[in-house]
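**Q** Kindly return the folded structure for what I paste below:
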Amino acid sequence: MHILVLEKEPTSRRGGQERSLFEVSRQLHQRGHRISLLYTQSGDLLSQYQAFCQQTLSITALSFSRHRPLQTFLNLPRDLNRAKALIHPNEPTLIYTNQIYDIPFAGLLSQLTRLPLVCHLRLPAPDKLDLQRSHYLSAVHKFITVSQHTKQTWLQKPWVQSLGHPPIEVVYNSIDTEYFTPASNQNPHPRQQLQQQWNLPTDHTLLAYAGRLDRRKGLENLLHGFAKFNATQPKSTLLIAGKPLLDRPDYLKELQVLTQTLNIQANVRFLGHLTETRSLYQASDLVIMPSIWPEPFGRVIIEAMACGTPVIASHTGGIPEILTGEFAQTLFPPRNPAALADRIQQVLTWKQTDPLLSQRCRQHVQTHFSLTTNIAEIEGIFQQTLSPQKLLAPPLPLSL
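**A** Purely as a prediction, here's the structure:
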């Protein structure tokens with residue numbers, strides 16, 4: 001099949017949502033499908049898309065911008081026609097978008113070409129949806145989401161219910177466990193390399209956070225919890241990798257000031273954005289995900305566990321669907337620094353008390369979040385959506 005992938009900015013710097021779409025696209029290409037990418041802004045993943053995509057096409061916008069309404073309106077017919085030119089009449093073709101905010105252009109293209117549209121819901125449902133997007137929502141033939149919790153946040157919204165219970169399939173995120181592995185012959189000493197790079201004490205326990213530096217990620221709670229733990233275990237260092245995205249750039253300064261207030265500045269290192277986080281997972285004794293919002297999934301959790309590093313995380317959103325079985329013990333209540341500190345204390349001795357935990361972490365990911373299974377499920381949804389009897393959505397007026 002031919003898959004028209006829509007992505008506002010193909011980048012690894014925003015988080016797991018964009019990286020997951022890239023991985024799905026690349027894996028579908030490897031399974032023999034033709035991929036074309038429509039995007040509006042260049043990002044660091046664009047060159048990697050170009051390595052396997054049949055074509056990559058820059059367009060003006062995927063939604064009708066309030067900041068550039070005239071330009072968007074004037075360029076829309078041209079962009080739709082350029083997108084249509086990518087389609088071969090006798091080739092099964094599907095439109096695939098990664099978020100609800102790209103629905104206007106995707107919906108118009110679907111109705112113009114009579115091609116099915118699949119939307120991957122990788123974020124919780126917003127409280128409100130503007131009329132523009134809700135108007136084109138009924139153009140979607142199938143929704144996919146990343147956890148049961150996220151699915152329920154969508155189904156509970158009145159504006160989703162008005163669609164008549166749209167089909168929403170749950171397909172958990174997955175990762176390439178041949179890439180995310182414990183330290184190996186290819187990289188036998190990630191811990192030593194990290195210690196040398198950042199001048200870390202060689203006798204310190206290393207705890208890590210990787211992700212956006214946004215308030216919803218619970219970083220203040222992380223610092224308060226680490227301060228409580230560090231008061232009893234001073235030979236420990238917290239590594240924080242990432243940069244602000246949703247919050248202002250000076251949020252990093254606020255976090256740095258908080259480390260001084262808590263008197264832990266000597267034990268916390270802000271690493272900035274890391275293009276490659278595997279070495280950080282491999283080098284760390286424990287990874288922490290302290291989110292205070294309903295995290296849709298939590299890709300960092302399975303990345304770290306595939307590297308053999310245990311994770312403790314907030315009991316929120318879709319995270320409890322990842323940390324199941326024995327790993328449910330590693331959950332802690334969000335917004336509770338004391339509980340976070342206690343969980344660090346309980347899990348951090350695993351190398352001495354439970355050295356096989358590393359293997360079980362990796363096996364858990366391989367069993368439940370297999371990339372092969374994930375891609376096969378998405379491919380099956382696409383093929384089912386392409387079957388003629390599924391294309392029942394009525395045409396929408398091509399109006400702005």
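**Q** and stretch 352-362, C-alpha only, in PDB?
**A** Taking only C-alpha atoms (Å, rounded to 0.1, in the frame of the first residue of the first chain), the coordinates of stretch 352-362 have been written out as PDB:
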ATOM      1  CA  GLN A 352      22.900  -6.100  45.200                       C
ATOM      2  CA  THR A 353      19.500  -7.600  46.200                       C
ATOM      3  CA  ASP A 354      18.000  -8.600  42.800                       C
ATOM      4  CA  PRO A 355      20.700  -8.700  40.100                       C
ATOM      5  CA  LEU A 356      18.400 -10.500  37.700                       C
ATOM      6  CA  LEU A 357      15.900  -7.500  37.700                       C
ATOM      7  CA  SER A 358      17.800  -6.100  34.700                       C
ATOM      8  CA  GLN A 359      17.000  -9.100  32.600                       C
ATOM      9  CA  ARG A 360      13.300  -9.100  33.700                       C
ATOM     10  CA  CYS A 361      13.000  -5.500  32.700                       C
ATOM     11  CA  ARG A 362      14.200  -6.200  29.200                       C
END
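**Q** quick one, strands of the protein?
**A** With DSSP state E applied, the chain shows strands at 2-7, 34-39, 55-58, 93-97, 117-121, 142-145, 168-170, 205-210, 236-241, 268-272, 286-289, 311-314, 331-332, listed in chain order.
**Q** orientation of the second one relative to strand 93-97 in degrees?
**A** Between strand 34-39 and strand 93-97, the angle formed by their directions is 40 degrees, by axes from the mean of the first three to the mean of the last three C-alpha atoms, to 10 degrees.
**Q** Next, the buried residues of strand 34-39.
**A** Neighbour-count burial for strand 34-39, with 16 or more other C-beta atoms under 10 Å as criterion, is recorded at Arg34, Ile35, Ser36, Leu37, Leu38, Tyr39. All C-beta atoms are positioned from the backbone trio N, CA, C, and that covers glycine.
**Q** show me what contacts the third one?
**A** With contacts defined as C-beta atoms under 8 Å, 6 or more residues apart in numbering, Ser36 is in contact with His2, Ile3, Leu4, Val5, Cys53, Gln54, Gln55, Thr56, Leu57, Leu86.
**Q** Max pairwise distance over the buried residues of strand 34-39: which two?
**A** Distance extremes for those: the farthest pair is Arg34 and Tyr39 at 16.9 Å, using C-beta to C-beta.
**Q** pLDDT and distance to Lys235 added to the buried residues of strand 34-39, as a markdown table?
**A** Putting those into a markdown table (pLDDT from 0 to 100; distance: C-beta to C-beta, whole Å) gives the following:
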| residue | pLDDT | distance to Lys235 |
| --- | --- | --- |
| Arg34 | 97 | 54 |
| Ile35 | 97 | 49 |
| Ser36 | 97 | 53 |
| Leu37 | 97 | 48 |
| Leu38 | 96 | 51 |
| Tyr39 | 95 | 47 |
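**Q** need those residues in a markdown table with distance to Gln27, can you?
**A** Compiled in a markdown table, these are given as follows (distance: C-beta to C-beta, whole Å):
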| residue | distance to Gln27 |
| --- | --- |
| Arg34 | 14 |
| Ile35 | 10 |
| Ser36 | 16 |
| Leu37 | 15 |
| Leu38 | 19 |
| Tyr39 | 19 |
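**Q** and which of these is nearest to Glu18?
**A** Proximity of the buried residues of strand 34-39 to Glu18, judged by C-beta to C-beta, is greatest for Tyr39, which lies at 10.6 Å.
**Q** Does that closest one touch Ile59 like I think?
**A** Yes. With contact defined as C-beta atoms under 8 Å, Tyr39 counts as touching Ile59 (7.4 Å).
**Q** if we can go back for a sec, any idea which of the contacts of Ser36 has the most stuff around it?
**A** Leu4 (26 neighbours; other C-beta atoms under 10 Å).
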